[in-house]
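A.B. asks: Give the three-dimensional model of this entry:
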Amino acid sequence: MTMRVVFPADYFQVRQPDEAFADQAAAFAARGWGVSTFAFEGDRVFRPALVPGETVLYRGWMLDGAGYRAFVDAVEAAGARVLTSPEAYLAAHHLPRWAPLLADVTPETVCFTELDDLPGALAALGWDGFFVKDFVKSLKTGAGSRITRPDQIAELLERMAHFRGQIEGGVCVRRVEALDPASEVRFFVRAGRAFSADDSQVPELVREVAGRIASPFFSVDIARRADGAQRVVEVGDGQVSDLVGWTPAQFMAVWAS
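C.D. replies: Next comes the predicted model:
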């Protein structure tokens with residue numbers, strides 16, 4: 001299988017990857033992969049052009065479902081194919097897709113697409129604290145995404161819409177657990193095999209998750225709870241997951257075979 005990786009093009013130099021991904025592009029090129037850019041804004045052209053029959057890995061900014069589908073359509077129009085289908089992309093990218101599959105190892109989660117009576121719905125849950133996200137991301141600016149009272153939800157959603165530009169899909173609330181943020185670690189899973197950044201032993205929890213998510217490439221973040229239990233904090237599509245705690249060189253080990 002011939003592989004090519006595609007990065008978002010730099011706005012001013014469309015043949016170069018966006019500066020945020022330059023080190024990754026160089027690492028893939030050094031491994032012998034084809035490397036192209038794609039102009040998401042503008043002419044939507046691959047540079048260099050894709051080769052028919054290639055399998056394409058995307059590495060770049062998060063795309064909503066429609067945006068990823070449009071990217072896949074462009075790849076297929078060029079005669080190539082994507083590693084991750086649109087369905088597999090959303091399987092890891094959208095919280096309501098993966099949270100039910102991991103209900104025993106991740107904080108309790110309830111998702112809403114009807115937002116008219118969120119304060120009442122949150123009050124009915126009876127939780128002491130709520131961590132609020134849309135289907136993809138939380139709010140990391142200002143006071144963040146954690147609230148303690150249902151009547152705080154409207155203000156938080158206003159801030160999310162303001163800073164993020166949209167609320168994607170709907171709203172998910174997660175029950176707050178006493179997790180140690182300093183213990184959070186990111187792993188990548190490719191073709192059912194989990195990888196750690198430093199080549200250390202992959203926790204059993206991550207190997208368990210690797211068999212539950214219907215995606216060829218995704219990330220898993222775990223953290224330790226106050227009682228010592230390991231918990232899944234986040235799952236994400238691997239193509240749009242940052243290299244948190246990883247160097248580009250370490251990331252290449254995921255693609256060694």
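A.B. asks: Strands of the chain, start to end?
C.D. replies: Shown for the chain, the strands assigned by DSSP state E span residues 3-8, 34-38, 46-47, 55-58, 81-82, 109-112, 130-134, 146-147, 171-175, 179-190, 193-195, 217-225, 230-237.
A.B. asks: As CSV, these with distance to Leu95 would be great.
C.D. replies: Backbone N, C-alpha and C define where each C-beta goes, glycine included. Below are those laid out as CSV (distance: least, Cβ to Cβ, whole Å):
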stretch, distance to Leu95
strand 3-8, 24
strand 34-38, 26
strand 46-47, 31
strand 55-58, 20
strand 81-82, 22
strand 109-112, 7
strand 130-134, 6
strand 146-147, 16
strand 171-175, 5
strand 179-190, 16
strand 193-195, 20
strand 217-225, 13
strand 230-237, 8
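A.B. asks: okay if I get the ones you listed as TSV plus distance to Gln16, mean pLDDT and mean neighbour count?
C.D. replies: Below are those laid out as TSV (distance: least, Cβ to Cβ, whole Å; pLDDT from 0 to 100; neighbours: other Cβ atoms under 10 Å):
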stretch	distance to Gln16	mean pLDDT	mean neighbour count
strand 3-8	9	98	21
strand 34-38	7	98	21
strand 46-47	9	98	16
strand 55-58	17	98	21
strand 81-82	22	98	19
strand 109-112	39	95	18
strand 130-134	32	93	21
strand 146-147	39	92	17
strand 171-175	37	95	22
strand 179-190	25	97	17
strand 193-195	28	97	17
strand 217-225	24	98	21
strand 230-237	24	98	21
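A.B. asks: Out of these, the one nearest Gly65 is which?
C.D. replies: Gly65 lies closest, by Cβ to Cβ, to one member of those: strand 230-237, at 11.0 Å.
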